[in-house]
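Colleague: Need the 3D shape of this:
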Amino acid sequence: MYGLIDCNNFYASCERVFNPALRNRPIIVLSNNDGCVIARSNEAKALGIKMGVPYYQVKDIVKQHGVFTFSSNYTLYGDMSHRVMSLIRNAVPHIEIYSIDECFVGLSGVSNLPVFCQDLTQKVSKGTGIPLSMGVASTKTLAKVASKFAKKYKAYHGVCIIDTEAKREKALQMTPIEDVWGIGRRLRKQMEYFGVKTAYDFTLKSESWVRKEFSVTGLRTWKELRGLACIDFEAGNKKKSITTSRSFSKSITRFQELYEAVANFTDACARKLREQESKAGSLLVYIVTNSHREDLPQYHNSASIKLPVPSSDPSEMVKYAKQLLQNIYREGYDYKKAGVLVYDIASEGVQTHLFDTIDRSKQARLLKVIDSIKNKAGDDSISLVIQGPRKIRDFVNKEYVSKHFSTNINEIIEIKV
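Modeller: Sure thing, here's the model as predicted:
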């Protein structure tokens, strides 16, 4: 059996953990530069606030109903996610982190599933303050379906288990085809053209028809919905590529300022590489002007390079990032966004270049010390000179950002008695 554990309204829930006064109050979380709504509490959803709507369009609703508004605080959300996943990891045989607020778990050998799952969700919720929902079924896709019912219907008490044929058929009959993992809105019109409106309708189609119309990927989903597991746990949860990018609160024109931003993005990518004990073989830098400003000249470009030796050292990677930025930077443009992508990711211990002049073992020891300092004193405690006094968060507008309660000792929660 597979389980899909999902943190309910995760970003909003993270804000509530450190501010109990927010319980049962409407909350929205905004994207970078406070542009759009990217997360809502149930109370905010009930007010009709849609996902992805520009913030300026809902300001009247926010003011009228006293909706609490927060800028995205990914440092806080990432740390809370780590806490949730750590507790789950200690309790289950297998775990595969699917996103910041979701993970698949293996439940083979677990006896008395209902009790185990209820105990697990309650333990993690009590330990972190984050409410959870859990769907359990014989395949990952069915577990996804079950998790939606666990979240939607209070009678399940946070856990829905599809363990009989009757339950499977009823759940699929109540699941719109666009809500199926792997199908979504992208294939909805094509499905509806063939009379497929629910997940159950899809399972009634023949295997040959599904293969013909939706290829191997669609066939795999079809089999999963029929109870045949085709998607096993991935070997490790390491990312195959890592991106750090931001839209700037104010346009940037000068090369040095743009380079400062790119250096910060490169450092963030390098840190993520080290966290998953891997190195990148290639690096890409891109810059973009503001496409919404038709009164300004437009320009966008990118450049990439294959590193001589795969690396996760920011001091080394930033040198190549500067070369790439110099190749694509053009004067006379207002740049609104920049980003760094690292890919061709491999595990640590890869073969170095024959003529490599860097002492890799010494480099690894130094990076270990740097990470240790950052873990204790915060990400801002040590950085490259080129990164300047500003950090990634300083390049975007976050008017309503909350504190880094769990990662910065200077912003630890205050209790008044």
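Colleague: Can you give the domain ranges for this structure?
Modeller: Taking automatic domain parsing as the reference, the chain has its domains at 1-139, 164-237, 242-395.
Colleague: Please work out which of these is packed deepest.
Modeller: With neighbours taken as mean count of other Cβ atoms under 10 Å, the domains of the chain reach their highest mean count in domain 1-139, at a mean of 18. Every C-beta, even on glycine, is put in place using the N, C-alpha and C of the backbone.
Colleague: That one spans what distance, first to last residue?
Modeller: Using Cα to Cα, to the nearest Å, the end-to-end distance of domain 1-139 comes to 7 Å.
Colleague: Mean confidence (pLDDT) on that domain, please.
Modeller: Across domain 1-139, pLDDT averages out at 93.
Colleague: Stretch 292-311 now?
Modeller: Averaging pLDDT along stretch 292-311 gives 92.
Colleague: end to end, how far does that stretch reach?
Modeller: 37 Å.
Colleague: now what about it, what contacts it?
Modeller: Residues outside stretch 292-311 that contact it (Cβ atoms under 8 Å, 6 or more residues apart in numbering) are 270, 279-291, 317, 320, 323-325, 327-328, 330, 332-334, 341, 344, 346, 350, 352-353, 356, 358, 360.
Colleague: circling back to that earlier point, can you list the domains of the chain in a markdown table and add distance to Glu411?
Modeller: As requested, these are exported to a markdown table (distance: least, Cβ to Cβ, whole Å):
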| stretch | distance to Glu411 |
| --- | --- |
| domain 1-139 | 10 |
| domain 164-237 | 29 |
| domain 242-395 | 9 |
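Colleague: Tell me which of the ones you listed lies nearest to His404.
Modeller: Closest to His404 of these is domain 1-139 (Cβ to Cβ; 5.1 Å).
Colleague: Distance from the closest one to the middle of the chain?
Modeller: 12 Å (Cα atoms, centre = their mean, to the nearest Å).
Colleague: The strand or helix carrying Ala263 packs against which elements?
Modeller: Element membership for Ala263 (DSSP states H and E) is helix 255-275. The contact analysis (3 or more Cβ pairs under 8 Å, 6 or more residues apart in numbering; DSSP states H and E) places helix 255-275 against strand 242-252, strand 278-289, helix 314-328, strand 335-347, helix 360-377.
Colleague: repeat that for 6 Å
Modeller: In this structure, helix 255-275 makes packing contacts with strand 242-252, helix 314-328, strand 335-347, judged by 3 or more Cβ pairs under 6 Å, 6 or more residues apart in numbering; DSSP states H and E.
Colleague: Touching the longest one from outside, list them.
Modeller: Just to be clear, that refers to helix 314-328. If you take Cβ atoms under 6 Å, 6 or more residues apart in numbering as the criterion, helix 314-328 is touched by 259, 262-263, 266-267, 270, 283, 285, 301, 303, 305, 311.
Colleague: which one among the residues you listed gets closest to Ile386?
Modeller: The closest of the contacts of helix 314-328, once distances to Ile386 are taken by Cβ to Cβ, is Ala263, at 4.6 Å.
Colleague: Please give me every residue in contact with the closest one.
Modeller: 318, 386-387.
Colleague: now the helices: where do they sit in the stretch 101-250 of the chain?
Modeller: Using DSSP state H, counting those that start in this stretch, the helices of the stretch 101-250 of the chain run over 113-128, 140-152, 165-173, 188-193, 199-203, 207-225.
Colleague: Redo the contacts of Ala263 as a markdown table? Include pLDDT.
Modeller: Listed next are the contacts of Ala263 as a markdown table, based on pLDDT from 0 to 100:
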| residue | pLDDT |
| --- | --- |
| Val318 | 94 |
| Ile386 | 75 |
| Gln387 | 73 |
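Colleague: Just name the closest of those residues to Met85, please.
Modeller: For the contacts of Ala263, the nearest to Met85 is Gln387 (28.9 Å; Cβ to Cβ).
Colleague: quick one: contacts for the closest one?
Modeller: Per Cβ under 6 Å, 6+ apart, neighbours of Gln387: 263-264.
Colleague: try it again with 7 Å
Modeller: Going by Cβ atoms under 7 Å, 6 or more residues apart in numbering, Gln387 touches 260, 263-264, 267.
Colleague: Looking at those, which two lie furthest apart in space?
Modeller: Maximum pairwise distance among these (Cβ to Cβ): 10.9 Å, between Glu260 and Asp267.
Colleague: Residue ranges in the stretch 301-417 of the chain under the pLDDT threshold?
Modeller: Filtered on pLDDT under 70, the stretch 301-417 of the chain yields the residue ranges 348-355, 377-381, 389-394.
Colleague: Tell me which other helices or strands the helix or strand hosting Thr75 touches.
Modeller: Here Thr75, judged by DSSP H and E, is contained in helix 74-89. Contacts defined by 3 or more Cβ pairs under 7 Å, 6 or more residues apart in numbering; DSSP states H and E place helix 74-89 against helix 10-17, strand 94-99, strand 102-106, helix 113-128.
Colleague: These: which one's closest to Gly3?
Modeller: For the helices and strands packed on helix 74-89, the distance to Gly3 is smallest for strand 102-106, at 4.3 Å, taking Cβ to Cβ.
Colleague: Thank you, goodbye.
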